[in-house]
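J.: Give me coordinates for this.
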Amino acid sequence: MAGNALQSPVNPAAKAVRFTLAADADDVDIRRLLREHAMPGDIQLTLEREPNYALANEIAGDAHRLLLARDASSGRLLAIGSVSVRDAFINGRIERLGYLGQLRFTPPVRRSVLLGGYRFLHDLLPSLNARIFFTSIAADNSRAQRLLEANLPGMPIYHRLEEFVTLALSTRSRSRTRHAIQIERATSNSIDQILNCLRRNARRYQFTPAWSARELISLRNLPLHNFYLATHQGQVVGCMARWDQTPFKQVVIRGYSRRLAFFRPLFNCLAPLVGRPALPAVGTVLDQDFISHLAIDADDPIISFALVEAIRADARAAGRDYLMIGLARRHPLLSPIATEFAHRAYRSILYIVHWPDAGPEPLIDDRVPHPEVALL
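T.: The predicted structure is shown next:
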């Protein structure tokens with residue numbers, strides 16, 4: 001991660017807090033903060049970045065900033081938040097799109113830290129060259145939603161867009177549908193057809209990355225042969241990839257609710273009988289991959305089933321328990337895939353984020369959001 005000497009000016013709202021951009025020397029503190037603060041819910045999870053936070057930055061976007069808030073006297077890391085920018089499709093055109101993520105606080109959350117962080121981010125906006133920003137908040141994190149939707153002075157406006165559903169598909173259950181779709185793995189000769197398939201389908205949605213050929217062949221831990229293609233008469237009509245990000249991004253079980261902890265032994269006894277993975281012990285890194293680069297001509301569910309089944313077989317052979325696929329509530333493939341494959345669902349809310357003094361509120365049309373879940 002690039003170092004930067006830029007610091008926030010001292011202001012009455014955050015006198016005891018120093019805001020900076022992350023440097024290499026901050027890595028240990030950043031990873032400790034991610035490990036020690038789990039997201040609430042029936043299953044408490046941490047989203048970690050071992051062995052080095054900077055490794056995940058390479059896939060986040062071509063511009064990435066990690067903001068730090070430290071206690072000015074002790075130097076203790078209080079909070080982090082990131083912003084990443086990449087080319088994506090907005091209203092059918094390629095534009096610069098920003099994503100706000102990785103917001104983590106050391107409790108108790110101080111409003112002055114939050115407001116100071118947003119002021120610091122505001123000062124970075126001209127260098128990011130993005131007109132639209134978006135973010136996602138866990139659907140059961142009502143506290144964060146209330147805070148971000150309160151339109152506090154000094155904060156950007158959070159406009160609720162749509163529910164986003166991440167399905168954790170079991171690799172062990174059986175598909176219900178038989179199909180005769182031809183599926184093949186990509187080679188270096190497939191790049192142009194993959195790009196064409198990705199782009200013609202991305203135009204139909206909002207916030208889908210505008211991938212380049214250079215990115216496709218250089219994404220960390222995503223070799224080209226992990227792309228699966230559905231073909232018809234020699235043409236690619238559907239695409240998905242199996243992306244193993246565990247070497248640089250991990251989801252770790254940090255706890256269970258009292259109810260789930262009580263029933264966990266019984267569930268784990270029954271799980272093999274119904275083709276479900278067991279609920280892992282606390283401290284376990286989830287064996288999961290992402291289904292990424294989803295693009296299906298005409299949103300044909302049968303093509304999607306064939307691609308998911310091919311990826312599931314590959315993931316199962318690699319010892320993975322889950323495949324994560326993320327789709328907006330209105331996406332036409334969400335219901336078919338959720339019906340076809342055994343899964344657990346995790347819900348979040350997508351927001352458009354806008355600073356009032358940055359110009360008129362950006363307008364987007366009614367296309368369904370389809371951000372890349374593997375980048376969130």
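J.: got any ranges where this protein has weak pLDDT?
T.: Scanning the chain for pLDDT under 70 picks out the ranges 1-15, 109, 176-177.
J.: Going along the chain, name the helices of it.
T.: For the chain, helices defined by DSSP state H occupy the ranges 27-36, 54-60, 111-128, 142-148, 191-202, 213-216, 258-270, 301-317, 334-340.
J.: Can you check which of the ones you listed gets nearest to P362?
T.: helix 111-128 (13.1 Å; Cβ to Cβ). (Each C-beta comes from the backbone N, C-alpha and C, glycine too.)
J.: What separation do you get for L121 and D71?
T.: Distance of L121 to D71, computed by Cβ to Cβ, to the nearest Å: 19 Å.
J.: Who has more neighbours out of the two?
T.: Set L121 next to D71 and count neighbours by other Cβ atoms under 10 Å: L121 wins out with 23 against 14.
J.: got a list of what that one touches?
T.: For L121, the contacting residues are L67, G81, V83, L100, by Cβ atoms under 8 Å, 6 or more residues apart in numbering.
J.: Could you count how many residues lie near the residue nearest to D27 when sequence neighbours are not counted?
T.: Computed as Cβ to Cβ, 6 or more residues apart in numbering, the closest residue to D27 that is not its neighbour in sequence is Y53, at 5.3 Å. Neighbour count for Y53, taken as other Cβ under 10 Å: 26.
J.: just the one 5 residues further on next, same as before
T.: E58 is surrounded by 13 other residues when neighbours are defined as other Cβ under 10 Å.
J.: For it, give its distance to S84.
T.: 11 Å.
J.: and if you look at F227?
T.: Using Cβ to Cβ, F227 is found at 23 Å from S84.
J.: you'd agree the residue nearest to D27 is up against L66?
T.: Yes - counting by Cβ atoms under 8 Å, L66 is a contact partner of Y53 at 7.5 Å.
J.: before we move on, back to that, could I get the contacting residues of the residue nearest to D27?
T.: Contacts for Y53 (Cβ under 8 Å, 6+ apart) come out as M1, A22, D27, I30, R31, L34, L66.
J.: what do you get if the cut-off is 6 Å, keeping everything else the same?
T.: D27, I30, R31 (Cβ atoms under 6 Å, 6 or more residues apart in numbering).
J.: need those in TSV with distance to I296, can you?
T.: Shown next, in TSV, are these (distance: Cβ to Cβ, whole Å):
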residue	distance to I296
D27	39
I30	37
R31	37
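J.: one step back: save the helices of the chain as CSV, and put in distance to P362 too.
T.: Formatted as CSV, the helices of the chain follow (distance: least, Cβ to Cβ, whole Å):
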stretch, distance to P362
helix 27-36, 31
helix 54-60, 21
helix 111-128, 13
helix 142-148, 18
helix 191-202, 18
helix 213-216, 25
helix 258-270, 40
helix 301-317, 31
helix 334-340, 25
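J.: Out of the ones you listed, which is closest to A168?
T.: A168 sits nearest to helix 334-340 of all these, at 11.0 Å, using Cβ to Cβ.
J.: Please identify the buried residues of that closest one?
T.: L334, P336, I337, A338, E340 (16 or more other Cβ atoms under 10 Å).
J.: now the first one, nearest residue through space, not along the chain?
T.: Taking Cβ to Cβ, 6+ apart, and ignoring the residues beside it in sequence, L334 has L327 as its nearest neighbour in space, at 4.2 Å.
J.: On the strand side of things, show who that neighbour bridges to.
T.: Counting by DSSP bridges, L327 forms beta bridges with V165.
J.: Roughly how far does it sit from R347?
T.: Separation of L327 from R347 (Cβ to Cβ) stands at 11 Å.
J.: What count of nearby residues applies to the residue nearest to N141 when sequence neighbours are not counted?
T.: Spatial nearest neighbour of N141, excluding adjacent residues (Cβ to Cβ, 6+ apart): P40 at 6.7 Å. By other Cβ under 10 Å, the residues close to P40 number 15.
J.: burial count for the closest residue to A328 other than its chain neighbours?
T.: Distances taken as Cβ to Cβ, 6+ apart put P369 closest to A328, at 4.7 Å, once the chain neighbours are dropped. P369 has 22 neighbours, counted by other Cβ under 10 Å.
J.: still on that earlier bit, could you single out the nearest of the contacts of L121 to L128?
T.: Of all those, L128 sits closest to V83, with 6.6 Å by Cβ to Cβ.
J.: contacting residues for the closest one?
T.: Residues in contact with V83, defined by Cβ under 6 Å, 6+ apart, are R65, G98, L100.
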